[in-house]
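[1] what follows is a protein structure lacking sequence information:
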Ligand SMILES: Nc1nc2c(c(=O)[nH]1)N(C=O)[C@@H](CNc1ccc(C(=O)N[C@@H](CCC(=O)O)C(=O)O)cc1)CN2
Ligand SMILES: Nc1nc2c(ncn2[C@@H]2O[C@H](COP(=O)(O)OP(=O)(O)OP(=O)(O)O)[C@@H](O)[C@H]2O)c(=O)[nH]1
Ligand SMILES: [K+]
Ligand SMILES: [Mg+2]
């Protein structure tokens with residue numbers, strides 16, 4: 001039922017070694033013909049040459065994975081070639097002219113899914129392992145690949161199924177069995193709560209991959225840009241002693257203890273008649289609203305001023321860290337907050353403290369990031385729909401509706417969970433997921 005596909009699985013460009021994969025019924029025959037080997041055993045490494053029409057194409061290592069014991073579950077061949085662009089492409093062309101067609105994006109992994117080697121959640125995890133931008137999000141994806149999330153979804157499924165059977169027995173023998181509505185409502189709520197918690201935690205965890213957005217806000221000249229440069233360990237933003245230096249929003253990325261942060265420097269906030277500066281300040285406020293954490297930079301050489309008072313009103317509802325900067329010079333700190341941090345962006349003094357403070361702000365997020373999680377928007381949306389069905393079932397029960405109506409909603413919830421795992425799927429859904437993958441994966 002499968003045709004034979006091939007692709008380069010290593011990234012484009014010159015490298016030490018490149019990988020070409022062939023999957024499908026003809027892969028054995030193709031590699032045998034191209035290498036002239038008499039026999040190629042399952043998962044043995046052969047060091048050999050590839051020939052095409054009596055011409056040497058490359059010296060390679062090849063491995064044959066016999067179905068079903070391969071990544072895809074089909075007969076699969078891996079060729080490890082010299083990692084040049086031309087030689088690698090030449091081998092691919094040779095394989096293609098021997099009866100394989102070029103694989104589509106993610107087609108190997110799609111085959112692994114269709115052959116039942118991995119669930120849809122695991123396929124998504126493989127994508128996310130490759131795309132992971134921080135150690136934390138890598139860890140999360142690995143949990144999902146190992147099947148942690150599958151098990152949890154299977155658990156929700158079993159629990160809902162149990163309730164459904166209880167209801168259906170009553171539907172089948174209405175005279176013999178009294179239904180315990182109260183208990184069923186309780187049970188549904190219990191599962192719904194578990195799913196709610198999962199969604200809430202996971203939403204936080206999703207932030208970890210995109211990076212936690214940390215925006216530097218403060219009055220002009222408090223040292224915001226100096227702090228940005230210090231955190232990034234490079235001279236990104238212009239620093240001068242002229243208030244109003246920064247006009248545009250400047251972004252950079254850092255890693256603190258394996259967590260990815262997007263740091264945003266903004267224009268100093270104050271009343272001004274300067275049109276350009278005004279626009280910059282509007283941008284600061286806009287960025288501030290998008291921040292996960294605000295670094296509120298105060299100037300130790302001026303103390304807490306009216307301007308700071310004004311800014312505080314703007315950021316009050318944010319998760320913010322008050323920072324006294326310029327602690328290397330004359331101190332006019334009038335303590336204003338319980339948890340303020342003292343630093344010198346100029347000398348680097350106190351930076352470790354600041355990092356610790358930042359880490360403690362994201363502790364919950366990071367902690368939740370180390371267990372198994374729903375990690376894609378698709379998964380979030382499905383679980384939210386499951387909970388809508390559960391809610392509706394409870395409502396119908398409480399309002400005394402026919403049991404059929406309640407089991408209809410529970411069935412819908414089950415269908416959603418099956419879609420999450422990939423037990424039910426449409427071509428569109430698969431296209432959507434696998435078209436994000438690289439060719440050769
Ligand atoms: N060379 C190579 N390295 C790779 C991969 C690959 O496909 N090839 N992977 C691709 O993502 C990842 C590893 N994932 C893999 C998953 C399953 C199988 C596999 O052959 N599974 C068989 C045999 C299992 C067994 O013997 O126990 C199976 O599931 O039946 C191979 C790699 C990363 N490194
Ligand atoms: N002594 C001392 N000076 C600092 C420190 N941080 C910044 N400065 C100085 O303060 C002045 C303003 O620094 P910037 O980083 O440009 O301040 P800013 O908050 O980005 O200013 P705007 O972009 O204009 O809002 C510069 O002269 C810096 O060298 C510090 O920790 N100690
Ligand atoms: K400045
Ligand atoms: Mg600045």
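    Perfect, I can see it now. Everything numeric in this text was worked out from a predicted model, so none of it was measured. Ligands and ions are numbered 1, 2, ... in the order given.

[2] need the residues of the stretch 201-350 of the chain near ligand 2, please.
    218, 220-226, 239-241, 243-246, 267-268, 325-326, 328-329, 344-346 (Cβ under 6 Å from any ligand atom). For glycine as for every other residue, the C-beta is placed from the backbone atoms N, C-alpha and C.

[3] got a ChimeraX select line for the buried ones in these?
    Of these, the buried ones go into a single ChimeraX selection, burial set by 16 or more other Cβ atoms under 10 Å:
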select :218,220,221,222,223,224,225,226,239,244,245,246,267,268,325,326,328,344,345,346
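
[4] inside strands: which ones of the residues of the stretch 201-350 of the chain next to ligand 2?
    Using DSSP state E, 218, 325 are the members of those that sit in strands.

[5] go through the residues of the stretch 201-350 of the chain next to ligand 2 and flag which are in helices.
    Counted as lying in helices by DSSP state H, out of those, are 224-226.

[6] make TSV from these and add pLDDT and distance to residue 434 to it.
    As requested, those are exported to TSV (pLDDT from 0 to 100; distance: Cβ to Cβ, whole Å):
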residue	pLDDT	distance to residue 434
224	98	44
225	98	43
226	98	46
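
[7] ligand 4: which of the residues you listed is nearest?
    Lowest distance from ligand 4 to those (Cβ to the ion) belongs to residue 225, with 3.2 Å.

[8] the longest helix that the chain contains - contacts with which helices or strands?
    Secondary structure of the chain per DSSP H: the longest helix is helix 181-210. Applying 3 or more Cβ pairs under 8 Å, 6 or more residues apart in numbering; DSSP states H and E, we find helix 181-210 packed against helix 135-146, helix 148-172, strand 259-265, helix 363-368, helix 377-398.

[9] avg pLDDT for the first one?
    If you average the pLDDT over helix 135-146, you get 87.

[10] run through who's touching that helix.
    For helix 135-146, contacts defined as Cβ atoms under 8 Å, 6 or more residues apart in numbering pick out 121-122, 124-126, 128-129, 132, 149-150, 205, 208-209, 258-260, 366, 369-373, 375.

[11] that one and ligand 1 in contact?
    No: Helix 135-146 is not in contact with ligand 1 by Cβ under 6 Å from any ligand atom; minimum separation 9.0 Å.

[12] in that helix, which residues are buried?
    Within helix 135-146, the residues scored as buried using 16+ other Cβ under 10 Å are 136-141, 143-145.

[13] okay, now the closest residue to residue 362 other than its chain neighbours: neighbour count?
    Nearest residue to residue 362, sequence neighbours excluded (Cβ to Cβ, 6 or more residues apart in numbering): residue 212, at 5.8 Å. With neighbours defined by other Cβ atoms under 10 Å, the count for residue 212 comes to 23.

[14] and the stretch 101-250 of the chain, which of its residues are near ligand 1?
    Counting by Cβ under 6 Å from any ligand atom, the positions of the stretch 101-250 of the chain adjacent to ligand 1 are residue 117.

[15] where does the stretch 101-250 of the chain dip in pLDDT?
    The model of the stretch 101-250 of the chain has no residue with pLDDT under 70.

[16] could I get the helices and strands packed on helix 181-210 as CSV with distance to residue 313?
    Converted to CSV, the helices and strands packed on helix 181-210 look like this (distance: least, Cβ to Cβ, whole Å):
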stretch, distance to residue 313
helix 135-146, 34
helix 148-172, 42
strand 259-265, 20
helix 363-368, 26
helix 377-398, 34
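
[17] tell me the mean pLDDT for the biggest strand by length in the chain?
    Counting residues, the longest strand found in the chain (DSSP E) is strand 55-65. Average pLDDT, strand 55-65: 98.

[18] would you tell me what the next helix or strand after that strand is?
    As assigned by DSSP states H and E, the chain's next helix or strand after strand 55-65 is strand 76-82.

[19] now do the buried residues in whatever helix or strand comes next after that following strand.
    Next in sequence after strand 76-82, counting helices and strands by DSSP H and E, comes helix 85-96. By neighbour count with 16+ other Cβ under 10 Å, helix 85-96 contains the buried residues 87-88, 90-92, 94-96.

[20] list just the nearest of these to residue 39.
    Distance to residue 39, by Cβ to Cβ, is smallest for residue 95 among those, at 19.6 Å.

[21] you'd agree the closest one is up against residue 22?
    Yes: counting by Cβ atoms under 8 Å, residue 95 does reach residue 22; the two are 5.7 Å apart.

[22] ignoring the adjacent residues along the chain, who's closest to the spatially most central residue of the chain?
    Residue closest to the average C-alpha location in the chain (Cα atoms, centre = their mean): residue 209, at 4.6 Å. Leaving aside its chain neighbours, residue 209 sits nearest to residue 137 (3.9 Å; criterion: Cβ to Cβ, 6+ apart).

[23] and the residue in the stretch 201-350 of the chain that ligand 3 sits nearest to, how far is that from residue 295?
    Closest residue of the stretch 201-350 of the chain to ligand 3, Cβ to the ion: residue 245 (3.5 Å). Distance, residue 245 to residue 295, using Cβ to Cβ, to the nearest Å: 17 Å.

[24] show me the contacts for residue 115.
    Applying Cβ under 8 Å, 6+ apart, the residues near residue 115 are 68, 72-74.

[25] and it, backbone torsions?
    phi -90, psi 0 (degrees, to the nearest 10).

[26] run through the residues that contact whichever residue of the stretch 101-250 of the chain sits closest to ligand 1.
    Here the stretch 101-250 of the chain gets closest to ligand 1 at one residue, residue 117, 5.6 Å apart by Cβ to the nearest ligand atom. Residue 117 sits next to 71-73 when contact means Cβ under 8 Å, 6+ apart.

[27] please apply the same query to residue 304.
    Listed by Cβ under 8 Å, 6+ apart, the contact partners of residue 304 are 298, 334, 336.

[28] show me what from the protein comes close to ligand 4.
    Counting by Cβ under 5 Å from the ion, the chain comes close to ligand 4 at 224-225, 245-246.

[29] coming back round to it: what's the closest of the buried residues of helix 85-96 to ligand 3?
    Among these, and counting by Cβ to the ion, the member closest to ligand 3 is residue 88, at 51.3 Å.
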